[in-house]
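Colleague: Turn this into a structure:
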Amino acid sequence: MAKVYGWMSAGLIITALTSMFIANTYELVQMVASARWVLIIAQLGLVFAISGAINKLSSTTATLLFLLYSALTGATLSSIFYVYDINAIVSTFFVTAGTFVGMSIYGMTTKKDLSAMGSLLIMALFGLILTSVVNIFIGSSMIYWASSAIGVLIFVGLIAYDTQKIKELGYQSLDGESSRKMAILGALSLYLDFINLFLYLLRFFGGRRN
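Modeller: Residues are numbered from 1 along each chain as shown. Next up, the predicted model:
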């Protein structure tokens with residue numbers, strides 16, 4: 001678990017530094033904006049590559065892919081500095097961090113099996129993604145805010161579920177190489193939970209620039 005949280009933290013730091021660096025360079029912001037969909041597709045490809053081919057990858061390759069994914073996420077998130085007030089971004093980050101710590105502790109310590117809840121949350125996540133895609137064309141503010149609230153609840157729950165799942169995986173007898181790869185996979189899961197919770201909370205707490 002220490003390795004999982006360590007790599008997750010490293011990913012978040014890389015994301016934050018990349019995002020701030022690009023946001024402070026107007027030319028890079030323009031480049032990212034013009035290649036936004038390419039970056040998003042690349043991010044999806046990396047997630048599927050790490051998750052689906054983890055057994056075929058070396059721990060070094062998995063680590064490098066995770067760090068690359070973190071940097072690409074930072075690039076795509078650089079636009080939030082032009083949409084939201086910086087104080088709102090910082091405060092939302094700390095709210096997200098506090099929520100993450102609380103739910104992760106719950107997932108680590110609870111004796112309740114969260115598998116059933118996790119399955120429901122994953123199904124709800126697919127429904128949320130589909131609803132969000134449809135709303136791109138509909139443009140309903142009611143659907144936007146409802147999906148944002150549901151998104152917060154989903155990722156709050158997934159933090160606890162993923163933490164418990166990773167903790168149980170840690171009880172398995174793994175060699176050093178497999179242990180490192182599982183740590184990266186666990187870090188990716190919690191990293192995704194953190195980033196998505198942050199973005200959904202930012203919709204509520206983010207003071208948009210005038």
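Colleague: For K111, give me the backbone phi and psi.
Modeller: Phi and psi for K111, reported as degrees, to the nearest 10, are phi -90, psi 0.
Colleague: Sorry, wrong one. I was asking about Y84.
Modeller: According to degrees, to the nearest 10, Y84 has phi -110, psi 150.
Colleague: Across the sheet, point out what pairs with it.
Modeller: On the basis of DSSP bridges, Y84 is bridged to R208.
Colleague: Pull the number of nearby residues for it.
Modeller: Neighbour count of Y84, defined by other CB atoms under 10 Å: 18. In this view, the C-beta of every residue, glycine as well, is placed from N, C-alpha and C.
Colleague: ok, now how distant is it from V32?
Modeller: Plainly put, Y84 is 16 Å away from V32 if you go by CB to CB, to the nearest Å.
Colleague: Now stretch 124-134: average pLDDT?
Modeller: The average of the pLDDT scores along stretch 124-134 is 91.
Colleague: Poorly predicted segments of the protein, please.
Modeller: 171-175, 207-210 (pLDDT under 70).
Colleague: how about a cut-off of 50?
Modeller: Counting by pLDDT under 50, not a single residue of the chain qualifies.
Colleague: Show me the helices in it, by range?
Modeller: Secondary structure of the chain (DSSP state H): helices located at 2-23, 26-34, 36-52, 59-77, 80-83, 86-109, 115-138, 141-170, 176-205.
Colleague: okay if I get the ones you listed as JSON lines plus mean neighbour count?
Modeller: Shown next, in JSON lines, are the helices of the chain (neighbours: other CB atoms under 10 Å):
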{"stretch": "helix 2-23", "mean neighbour count": "18"}
{"stretch": "helix 26-34", "mean neighbour count": "13"}
{"stretch": "helix 36-52", "mean neighbour count": "14"}
{"stretch": "helix 59-77", "mean neighbour count": "20"}
{"stretch": "helix 80-83", "mean neighbour count": "14"}
{"stretch": "helix 86-109", "mean neighbour count": "16"}
{"stretch": "helix 115-138", "mean neighbour count": "13"}
{"stretch": "helix 141-170", "mean neighbour count": "18"}
{"stretch": "helix 176-205", "mean neighbour count": "20"}
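Colleague: Hmm, D162 and S189 touching each other?
Modeller: Yes - the pair S189 / D162 is scored as a contact, 4.6 Å apart, by CB atoms under 8 Å.
Colleague: Need the nearest residue in space to G107, chain neighbours excluded.
Modeller: The shortest distance from G107 to any non-neighbouring residue, by CB to CB, 6 or more residues apart in numbering, is to T163 (3.1 Å).
Colleague: tell me the contacts of that neighbour?
Modeller: When contacts are counted by CB atoms under 8 Å, 6 or more residues apart in numbering, T163 is found next to 103-104, 106-108, 190.
Colleague: of those, closest to I129?
Modeller: The nearest member of the contacts of T163 to I129, counting by CB to CB, is L190 at 19.2 Å.
Colleague: my read: that closest one touches S104, true?
Modeller: Yes - the pair L190 / S104 is scored as a contact, 7.4 Å apart, by CB under 8 Å.
Colleague: joint contacts of the two?
Modeller: 159, 163.
Colleague: mind listing what S148 touches?
Modeller: Shown in contact with S148 (CB under 8 Å, 6+ apart): 200, 203-204.
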